[in-house]
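Chemist: here is a sequence with its predicted model. Questions after.
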Amino acid sequence: AQELLTVRGLRKYHRAAAGTVHAVDGVDFGIATGEVLGLVGESGCGKSTLGRTLNGLDAPEAGSIRFRGAELVGLGRRALRPHRREMQMVFQDPFGSLNPRDSIGTILQDPLRVHGLGTRAERRETAAALLERVGLRAADLDRYPHEFSGGQRQRISIARAIALRPRLVICDEAVSALDVSIQAQIVNLLRSLQVEFGLSYLFISHDLAVVGYLSDRIAVMYLGRIVEIGSKASLLRQPRHPYTRALFSALPGRGGSRADRQALRGEPPSPLNPPQGCRFHPRCPIAVERCRVEVPAMRELGDAHAAACHLAA
Ligand code: SF4
Ligand code: MG
C-alpha cells in the first residue's frame, strides 16, 4: 500500500527547570493508506508528544514528517492548515477537548465553518448526519457536553474528528478512560469508520490488549524511541525486544518467562537523563556489557519486523 505518512529522525525536546526532556528522540516509521499503526509504551515514553508533534501542535527540534507527499516540518500555521484538515486527533479526555459552553451542534459545525465548507443549513445537516453515524441522535445537536456520558462524549469527539473527512486520525488513549464494555463499543465504532472512509489511524495507547485488537502493525516506544515495530501477527507471536516481551508478559492469559515479568518492576528512567547505550539496559533481564555503552541500531528481522536490541538476531 502507498505510504500516507513517513517520519524520519523526529526529535522533540521539552525544556524544564531540571534540564531538557528528550520526549521524542529520533523516531522513524511510516503509516500506509488505510492502515492502523498501534503505538504502545508506558506513560511518559513520549507517545503523546509524538502524536502532538505529527499533528503540528508541537514543533519538532529536528526530523522530517512527510504527509501525502508534502514535508510538514518547518511550515507555518497557515501553510499547515490544509494538511491538518487531513490529520485529526481524538484525545483521552473528551471533557477536556469539548468546550462545555458550546452545544454539540457548534462543536461539530465549527471545523466545517473554519474550513469554509457549506452553508449554515448544510453544515447543520452534515453535523446531524455525523451524530447519527456515531450512534447518537440528530436532536442531540442542541445539547451540551455535560449532558452526555463519557462514552457518548467520545463518540462526539470522533464525529468532530471525521467531520472534515481526514485521511489520518491520531487517537491518543482514546478509549483509556472508559469502562471496558464501552471501550469495546468505541473501538468497534473506530473500526467501522475506518472501513467506511478508508481511514488510517495512529492508535496510541498504554493498553496492549486494545492496541492488539485494532492494529495492523504495532510499534513499541521506550524513553523517546521506537524499540520494536512489526506486523501485529509477527509481533504478538514473536516479540523480539526484551521490553516488548516484558510488556506482553503482563497481559492476562499470556505466559512470559519469570525473567520477563521481573523486567518491568522498576520505573522507567527519567527522559531528562536517559541511560547511555541501550536505554532499556537498567531494567533489561538479559543485558550484557555492550548494552551499557553501545546504542543498539534497528535490525531488520524479516517480515517487516525490526527491533533495536544487540541480542535480537
Ligand atoms: Fe537488553 Fe541489551 Fe537488548 Fe538493550 S540491547 S534490550 S539492554 S539485551
Ligand atoms: Mg500520554
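Modeler: Good, I have the coordinates. Ligands and ions are numbered 1, 2, ... in the order given.
Chemist: tell me the strands beside whatever helix or strand residue 65 lives in, with direction?
Modeler: Here residue 65, judged by DSSP states H and E, is contained in strand 62-67. Sheet pairing of strand 62-67 (DSSP bridges) gives strand 3-16 (antiparallel), strand 70-71 (antiparallel).
Chemist: now do the following helix or strand past the last one against strand 62-67, angle only.
Modeler: Spelled out, that is strand 70-71. Scanning forward in sequence from strand 70-71 by DSSP H and E, the next helix or strand is helix 77-85. Using axes from the mean of the first three to the mean of the last three CA atoms, to 10 degrees, the direction of helix 77-85 lies 50 degrees away from that of strand 62-67.
Chemist: give me the mean pLDDT for helix 77-85.
Modeler: Helix 77-85 shows a mean pLDDT of 91.
Chemist: repeat for stretch 96-104
Modeler: On average, stretch 96-104 scores 91.
Chemist: for the residue of the chain most remote from its centre, which three-state class applies?
Modeler: Most distant from the centre of the chain: residue 121, at 34.3 Å, with distances by CA atoms, centre = their mean. The three-state label given to residue 121 by DSSP: H, G, I helix; E, B strand; the rest coil is helix.
Chemist: and the pLDDT for it?
Modeler: 97.
Chemist: i'd like the first residue to be 217 from this point on
Modeler: Sure, I'll start counting at 217 from here, so that last one is residue 337.
Chemist: gap between it and ligand 1?
Modeler: According to CB to the nearest ligand atom, to the nearest Å, residue 337 stands 58 Å off from ligand 1. For glycine as for every other residue, the C-beta is placed from the backbone atoms N, C-alpha and C.
Chemist: same thing with residue 430?
Modeler: From residue 430 over to ligand 1 the distance is 26 Å, taken as CB to the nearest ligand atom.
Chemist: show me what contacts that residue?
Modeler: Contacts for residue 430 (CB atoms under 8 Å, 6 or more residues apart in numbering) come out as 252, 254, 403, 406-407, 417, 419.
Chemist: now do residue 239
Modeler: 228-230, 262, 265-266, 440, 487.
Chemist: mind putting those into TSV with neighbour count, distance to residue 326 and pLDDT?
Modeler: Output for the contacts of residue 239, formatted as TSV (neighbours: other CB atoms under 10 Å; distance: CB to CB, whole Å; pLDDT from 0 to 100):
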residue	neighbour count	distance to residue 326	pLDDT
228	23	28	97
229	18	32	95
230	14	29	92
262	24	30	94
265	23	26	95
266	29	26	97
440	26	34	96
487	23	35	82
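Chemist: which of these lies closest to ligand 1?
Modeler: Set against ligand 1, the nearest of the contacts of residue 239 by CB to the nearest ligand atom is residue 440 (14.5 Å).
Chemist: doesn't residue 261 make contact with the closest one?
Modeler: Yes: contact criterion CB atoms under 8 Å: residue 440 and residue 261 qualify, at 7.0 Å.
Chemist: what's in contact with the strand holding residue 281?
Modeler: So strand 278-283 is in contact with 220-227, 242-243, 269-270, 287-289, 299, 302-303, 384, going by CB under 8 Å, 6+ apart.
Chemist: contacting residues around residue 414?
Modeler: Residues in contact with residue 414 (CB under 8 Å, 6+ apart) are 249-250, 383.
Chemist: mind giving me the PyMOL command for buried ones among those residues?
Modeler: This is the PyMOL syntax for the buried subset of those, where burial follows 16 or more other CB atoms under 10 Å:
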select buried, resi 250+383
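Chemist: mind giving me a markdown table with the contacts of residue 414 and columns for secondary structure?
Modeler: As requested, those are exported to a markdown table (three-state DSSP):
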| residue | secondary structure |
| --- | --- |
| 249 | coil |
| 250 | coil |
| 383 | coil |
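Chemist: ok, and which of the contacts of residue 414 reach ligand 1?
Modeler: With CB under 6 Å from any ligand atom as the criterion, the contacts of residue 414 include none near ligand 1.
Chemist: would you reformat the contacts of residue 414 as TSV and include distance to residue 452 and pLDDT?
Modeler: Shown next, in TSV, are the contacts of residue 414 (distance: CB to CB, whole Å; pLDDT from 0 to 100):
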residue	distance to residue 452	pLDDT
249	23	96
250	21	95
383	27	97
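Chemist: follow-up on the earlier one: mind checking which of the contacts of residue 430 are buried?
Modeler: Listed as buried from the contacts of residue 430 are 252, 254, 403, 406, 417, 419; burial here means 16+ other CB under 10 Å.
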